[in-house]
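Participant: what follows is a predicted structure for the sequence shown.
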Amino acid sequence: MTKKIFRAVKNGIEQFAAAPPHRLAEKRLGLLCNQASTDASFVHSRDIINRIYPGQLTCLFSPQHGFFADKQDNMIESAHQRDPVSDLPVFSLYGRERKPTAEMLDNLDVLLIDLIDIGTRVYTFMYTVAYCLEAAAEQGKQVIILDRPNPLGGIEIEGNILMDDVRSFVGLYPIPMRHGLTLGELAGLFNHEYGLRADLTVIPMSGWRRSMMFTDTGLPWVFPSPNMPTPATALVYPGQVIWEGTNISEGRGTTLPFELFGAPFFIHEELQAAITKNTLPGSILRPLVFEPTANKWRGEQCRGFHLHVTDELKFKPYLTTLTILQAVLKLYPENFQYKDPPYEYEYKKLPLDLIIGSSLIRRALVQDVPVFELEESWQEELREYDLLRHKYFLYD
């Protein structure tokens, strides 16, 4: 007898397939997706939709990193192409256009969206969704989000609220770094709070609870972008993405992106001594040496650390990396450098400010303002955001 495996959660695409909306009969359908848009048996969403509504799927759209998630870094654009399986056109929304054009939307009546979000403000898929909502409203098209879990859970939120003067494609709306919503919930918030006014429907998951981290869902992990290989990567990403705005390697070009970080000028003992003056709850920094095969410090030995999460519930990814960054700023002022623009189509502003969502926090870190004081300074706006997001909860 085959052993039956219990699975706690069913994704939106599986719920959609179990009860296909009758109103989509004879509608022309488009699908925003990438290679990770599968059900739990690894069947791709475009194949599921083609089976349910034969001949109605007219085109596909892809976010940053391309349909096959093969583009490795920021501002590496993907071209329009044809899907080799379905022979449908794939319109890239990370190239000359990041918002669907009227000509693209002429191919469809309803846009289905099935993407994996990482629960972090700077992950661009959510802004591709926002641009799709805006374009759909302008062109009179319907949008249906096929919801998926937030891999960081839906309870904890963390970080400062994005400031208006550093808005960019890694931060369009005033949300914190760790936002605590599913993509469907985010879409509802964006659509109603920021005047997008699209005809939006969300197909919710079944079985998902806000307390669930990804490993609690029973779902297989399919990497949504080339440097997001595991749920452990997603867990540290809300903090470790900060290194993208610096000359410190965030582990790109290794097998453990974002879990590893370092630079040739780090000295393990002194950096650890500086960091241990602060608490890094739920994590351990293990010293090591790594050599990136690509990106920063390619082919050079970097002294750095592997960030191990020992308690997912206590771990604070954003505060952890801010604490480490402050120690690096203090210890290595002659070696540390900020990344220069451009970054995600912003050509003047400092990339680190765009990522952190505030130039004031960067300056405070340089001035050695304790990170716990910075955390306290954004609690009121975080409480206001928390009240706002509750209006868009789809799950208990």
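Facilitator: Perfect, I can see it now. Numbers count the residues shown, from 1 in each chain.
Participant: excluding chain neighbours, what is closest to the residue sitting nearest the centre point of the chain?
Facilitator: Residue closest to the average C-alpha location in the chain (CA atoms, centre = their mean): Tyr123, at 3.0 Å. Leaving out its chain neighbours, the residue that sits closest to Tyr123 by CB to CB, 6 or more residues apart in numbering is Asp117, at 6.3 Å. Backbone N, C-alpha and C define where each C-beta goes, glycine included.
Participant: residues in contact with that neighbour?
Facilitator: If you count contacts by CB atoms under 8 Å, 6 or more residues apart in numbering, Asp117 has them with Tyr123, Phe125, Met126, Arg148, Asn150, Thr182, Leu183, Leu186.
Participant: so how far is Val202 from it?
Facilitator: Distance, Asp117 to Val202, by CB to CB, to the nearest Å: 13 Å.
Participant: now do Asn74
Facilitator: Look at Asn74 and Val202: by CB to CB, they are 29 Å apart.
Participant: for His308, same thing?
Facilitator: 35 Å.
Participant: among those two, which residue is more densely surrounded?
Facilitator: Val202 (21 against 14; other CB atoms under 10 Å).
Participant: element containing the more buried one?
Facilitator: For Val202, the host element (DSSP states H and E) is strand 199-203.
Participant: which residues in the chain form strands?
Facilitator: All strands of the chain, identified by DSSP state E, fall at 29-32, 57-62, 81-82, 89-92, 110-113, 142-146, 199-203, 260-263, 283-290, 302-309.
Participant: what is the neighbour count of Leu313?
Facilitator: Neighbour count for Leu313, taken as other CB under 10 Å: 11.
Participant: isn't it up against Pro281?
Facilitator: No: with contact defined as CB atoms under 8 Å, Leu313 and Pro281 do not form a contacting pair (9.5 Å).
Participant: so where is the stretch 201-350 of the chain shaky, pLDDT-wise?
Facilitator: Where the stretch 201-350 of the chain drops to pLDDT under 70, the residues are 277-278.
Participant: who are the contact partners of the residue nearest to Met163 when sequence neighbours are not counted?
Facilitator: Of all residues not flanking Met163 in the chain, Ser358 sits nearest, at 4.9 Å (CB to CB, 6+ apart). Each residue near Ser358 by CB under 8 Å, 6+ apart is listed here: Asn160, Leu162, Met163, Val166.
Participant: need those residues in TSV (columns: neighbour count, distance to Pro100 and pLDDT).
Facilitator: TSV is the format used below for these (neighbours: other CB atoms under 10 Å; distance: CB to CB, whole Å; pLDDT from 0 to 100):
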residue	neighbour count	distance to Pro100	pLDDT
Asn160	23	31	98
Leu162	23	24	98
Met163	16	28	98
Val166	20	25	98
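Participant: let me know the closest of the residues you listed to Ser211.
Facilitator: Closest approach to Ser211 among the contacts of Ser358 (CB to CB): Asn160, at 24.4 Å.
Participant: now do the residue nearest to the closest one when sequence neighbours are not counted: how many residues are near it, please.
Facilitator: Take Asn160 and drop its neighbours on the chain: the residue closest to it by CB to CB, 6+ apart is Trp378, 4.2 Å away. The number of residues packed near Trp378 is 18, by other CB under 10 Å.
Participant: distance of Ile48 from Phe265?
Facilitator: 50 Å.
Participant: so those two - more neighbours on which side?
Facilitator: Neighbour count, other CB under 10 Å: between Ile48 and Phe265, Ile48 has more, with 22 against 15.
Participant: for that one, which non-adjacent residue is spatially closest?
Facilitator: Of all residues not flanking Ile48 in the chain, Ala17 sits nearest, at 5.2 Å (CB to CB, 6+ apart).
Participant: double-check the one you found against Ile52; I have them as touching.
Facilitator: Yes: under the criterion of CB under 8 Å, Ala17 makes contact with Ile52 at 6.3 Å.
Participant: neighbour-wise, which of the two wins?
Facilitator: The residue with more neighbours, out of Ala17 and Ile52, is Ala17; 19 against 15, by other CB under 10 Å.
Participant: how near is that one to Thr38?
Facilitator: Relative to Thr38, Ala17 is positioned 12 Å away (CB to CB).
Participant: next: Pro84.
Facilitator: 16 Å.
Participant: who has more neighbours out of those two?
Facilitator: Per other CB under 10 Å, whichever of Pro84 and Thr38 has more neighbours is Thr38, with 20 against 10.
Participant: which residues touch the more buried one?
Facilitator: Counting by CB under 8 Å, 6+ apart, Thr38 makes contact with Ile13, His44, Ser45, Val222.
Participant: dump the residues you listed into CSV; add neighbour count as well.
Facilitator: Output for the contacts of Thr38, formatted as CSV (neighbours: other CB atoms under 10 Å):
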residue, neighbour count
Ile13, 26
His44, 22
Ser45, 28
Val222, 15
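Participant: which one of those residues is nearest Phe393?
Facilitator: Ile13 (20.9 Å).
Participant: any idea how far Asp396 is from the closest residue in space to Leu394 that isn't next to it in sequence?
Facilitator: Once flanking residues are discounted, Leu394 sits nearest to Pro204: 4.9 Å by CB to CB, 6+ apart. From Pro204 across to Asp396, the span is 11 Å (CB to CB).
Participant: Ala263 too?
Facilitator: Separation of Ala263 from Asp396 (CB to CB): 44 Å.
Participant: more neighbours: which of the two?
Facilitator: Between Ala263 and Asp396, counting by other CB under 10 Å, Ala263 is the more crowded of the two (21 against 8).
Participant: contacts only, for that one.
Facilitator: When contacts are counted by CB under 8 Å, 6+ apart, Ala263 touches Asn247, Ile248, Ser249, Trp297, Cys302, Arg303, Gly304, Tyr332, Asn335.
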